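Undergrad: Provided below are the primary sequence and the corresponding predicted coordinates.
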Amino acid sequence: MSSPRIINLDDGWNNEIKVKAIDRLEDILNQDLKKEGSMFSPKEYVQTYTTCYNMCTQKSPYNWSEQLYQRHGETISRYLSDTVLPSLRDQHDEFLLRELTRRWGNHQIMNKWMQKFFMYLDRYYVKHHSLPSLLDAGLKHFKSLIFDEVKRDVANAMLDLINQERDGAIIDRGLVKSCVQLFEAMGMGCLDAYTLDFEEQLLASTQEYYARKSAEWIEGDGTPAYMVKAEAALETERERVTAYLNSASEGKLLGVVETEILEKREMALLEKEGSGCRVLLANDKHDDLARMYRLFGKKSEWLQPIADIVRRHIEHMGGEIINRREARVEGETKETNQDPDFVKELLALHDKYIKVVNEQFAGNALFQKALKEAFVDFVNRDVGKFTNADLMSSFCDRILKTGGEKLSDEDVESFLEKTVQLFSYLVDKDLFSEIYKNQLAKRLLNQRSASDDHERLMISKLKARCGSQFTGKMEGMLNDLAIGVDHQQEFEPHYKEKLEESGAAGPHVDFGVQVLTTGYWPTYPAFDVHLPPEMTKCTTLFKDYYDERNNKRRLAWMWGLGNATVKGNWGKKKYDLQVTTLQAITILAFNNPGAADEQFSFEQLKERLNLPEEHLKRVLHSLSCGKYKVIEKSPKSNTIKVTDLFVAAPKFQSKMLKIRIPMANLDESHNPKRVEEDRSVAIEAAVVRIMKARKQLSHQQLLAEVLSQLAFFKPNPKVIKRRIEALIDREYLERDPDVPNTYKYLVEIPPVSLPMPSPMTSRPNAQNGGLREE
């Protein structure tokens, strides 16, 4: 058997490979015949492949693998240099891009067929010598000979098309996308070529374009119109990336656009006269405000100036409400703690801007903080004699008691929720608590509470905001009343039984007592009143009854809190007078059938009733100077003097048969002195608690920690310093002798009791609408 024929290099290359494959491939590419199916038949392809295979598998020195690999590269390089590059040098702009994409497509076809023809080199020779694969080698030749020569012009042509599209022209997006894919391919598996040779120029061109555009917009458009264009521009750029750019460019491209049209123009937009952020807020331009947040919400530092403007605007709106209240106070002859219009204005303002913050600004923390700071600023700006805490508590009192605001259950609940939200901005929450507690007590004891459910709802809302310590005594009041119903039911049979046993003459008195725990209720003035015999007997029966069941408790009667119904006869008319216990005692002092026209001096009444002068004046004023004058005074005036004389009105008349005679309160809405005492206790407790844990602190550190722990009020640092001095005097603390302005905690506690922190002091007592238990 004869040996295989040896194929010489030039013979195999020139007569077989070049003529039958390479020359024909180049002719096909030059004629734009890109359909791969019409290029080489399987027989033709196998013939060329076999020739290459034989030339690579011949034994040395006739193994032509190295030479074929070299000529593979030379063939591609020669075609690129002699044919492709000249065709590109004559083209510009869009024509350059079209020619380049055509030639790039041809090169991919050529590279593919050349790899097929010389496939055997890839299998063995390339791997054995660690050389670039045939496809990679072909790409490198295109990059070095073609791409590197034209990439600058190509990038500029692409940017021109992109800017034309930005200006509204319709371009061939497929062409630009093909060029982008070329840049990506030239990275040989990474995006270096795309990034360095195109993306950087794209970002610079975009920056220049939008710097020019934003200058035009800011000059000719208002803030809303500018933001519409800015939002459209960002959306267009985002869509552009999706259409024909690499996705890695999106963040960088949008960042450049945002910097030029938003960041650099932000303050000019926000402060633009006639259409800036303040104007949008004032005119309730919710869509524009939402758009502003969408645009500038990418970075918190962009939102901060908007939040500052929102805060200043809300402060301005709140300041106007305060100014209107100030004008009303100055115009009033007598100031009261009732100003529902003022509170409703604050609630409406809060309602409006909490909605803006949650809907237009997506509840962002910066805007929530701005809203809080603004409301803290003016909600704590008191005008006149009464604090805003007093006005807010009185507003709640107005809607929770009978005879106040006529509201549905839903409206009451809504107002309570909104008022508690407003309450959260108060610095002196303990002051509100003290006032609210006193007003709650009056509602409950005078049976003026419209709904027990609403009372509990309000307390639960306060508890959710401030904790159980804040509302513990209020809850105790309601519980006392609930228990009091059972007590009264037990006492009534006993009361009737004792009356029957005694066989008492005279009119029968319906008598009820509410026993309350003193520690839950406000402190009321206590005084011994000279009661009529009918009342004395009732109270004696109850005291004996209560002592039998609770021998370790002491009762104290609170006459200023009780109420009574007194039947009065004037001629043929009979009236039911609904009065307080003190008013009833005073009326009964004039109940002398034998001398109906008997006069009493002020001093006589004072001695007979044993009432303090100030309290007696208020009682007599309600009976002789009010709408219903059941007692006449002389001389006639609207004030009570110690020289006045009093007599039962002989000809009293009224169209109403059931009459309620109101009386001025015997106590203030709160006791400022007690509030200050409670604050001192809370400060001292906080100081001791902190020092016990830390052992040693500087003055400033201790001051900061105390302020951070006191949630219900914000004391003056001078007050804290005085309480620290008091604790040093009582040997809870000492000054560090070695370190100035530093305190040390004394471990050995002296036998001095320190009250526990509480918004209100507590004693183990109880009281009723005429009774206190100790």
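TA: Right, received. Where do you want to start?

Undergrad: wait, Y743 sits on E734?
TA: Yes. Using CB atoms under 8 Å, Y743 is in contact with E734, at 7.1 Å. C-beta coordinates here come from the backbone N, C-alpha and C atoms, glycine included.

Undergrad: neighbour count winner among the two?
TA: Y743 (25 against 13; other CB atoms under 10 Å).

Undergrad: Spell out which residues are contacts of both of Y743 and E734.
TA: I728 (CB atoms under 8 Å, 6 or more residues apart in numbering).

Undergrad: If you count neighbours, what's buried in stretch 454-470?
TA: For stretch 454-470, burial by neighbour count (16 or more other CB atoms under 10 Å) applies to H454, E455, L457, M458, I459, K461, L462, K463, C466, F470.

Undergrad: brain fart, stretch 359-372
TA: Residues Q360, F361, N364, L366, F367, A370, L371 are the ones in stretch 359-372 that count as buried (16+ other CB under 10 Å).

Undergrad: Please report how far the fourth one lies from I261.
TA: In this case it means L366. 22 Å (CB to CB, to the nearest Å).

Undergrad: before we move on, what about the first one?
TA: Taking CB to CB as the criterion, Q360 is separated from I261 by 21 Å.

Undergrad: low-confidence ranges in the stretch 651-774 of the chain?
TA: 666-673, 747-774 (pLDDT under 70).

Undergrad: Could I get the full set of helices for it?
TA: 672-694, 699-709, 717-729 (DSSP state H, counting those that start in this stretch).

Undergrad: And whatever helix or strand K112 lives in, what does it pack against?
TA: Following DSSP states H and E, one finds K112 within helix 93-117. If you count contacts as 3 or more CB pairs under 8 Å, 6 or more residues apart in numbering; DSSP states H and E, helix 93-117 packs onto helix 23-30, helix 42-57, helix 65-79, helix 85-89, helix 134-142, helix 148-166, helix 173-185.

Undergrad: and the ones you listed as JSON lines, adding distance to P224, mean pLDDT and mean neighbour count?
TA: Below are the helices and strands packed on helix 93-117 laid out as JSON lines (distance: least, CB to CB, whole Å; pLDDT from 0 to 100; neighbours: other CB atoms under 10 Å):
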{"stretch": "helix 23-30", "distance to P224": "57", "mean pLDDT": "81", "mean neighbour count": "16"}
{"stretch": "helix 42-57", "distance to P224": "67", "mean pLDDT": "82", "mean neighbour count": "16"}
{"stretch": "helix 65-79", "distance to P224": "59", "mean pLDDT": "84", "mean neighbour count": "18"}
{"stretch": "helix 85-89", "distance to P224": "48", "mean pLDDT": "84", "mean neighbour count": "13"}
{"stretch": "helix 134-142", "distance to P224": "51", "mean pLDDT": "86", "mean neighbour count": "20"}
{"stretch": "helix 148-166", "distance to P224": "22", "mean pLDDT": "90", "mean neighbour count": "18"}
{"stretch": "helix 173-185", "distance to P224": "31", "mean pLDDT": "90", "mean neighbour count": "18"}
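
Undergrad: and I720, which of the ones you listed is closest to it?
TA: Of all the helices and strands packed on helix 93-117, it is helix 148-166 that lies closest to I720, at 63.0 Å by CB to CB.

Undergrad: residues in contact with that closest one?
TA: Contacts to helix 148-166, defined as CB under 8 Å, 6+ apart, come from residues 85, 88, 92-94, 96-97, 100, 171-173, 175-176, 179-180, 183, 186, 193, 197-198, 201-202, 205, 209, 236, 240.

Undergrad: from the chain's centre, how far out does the helix holding K112 sit?
TA: Distance, stretch centre to chain centre, for helix 93-117: 60 Å (CA atoms, centre = their mean, to the nearest Å).
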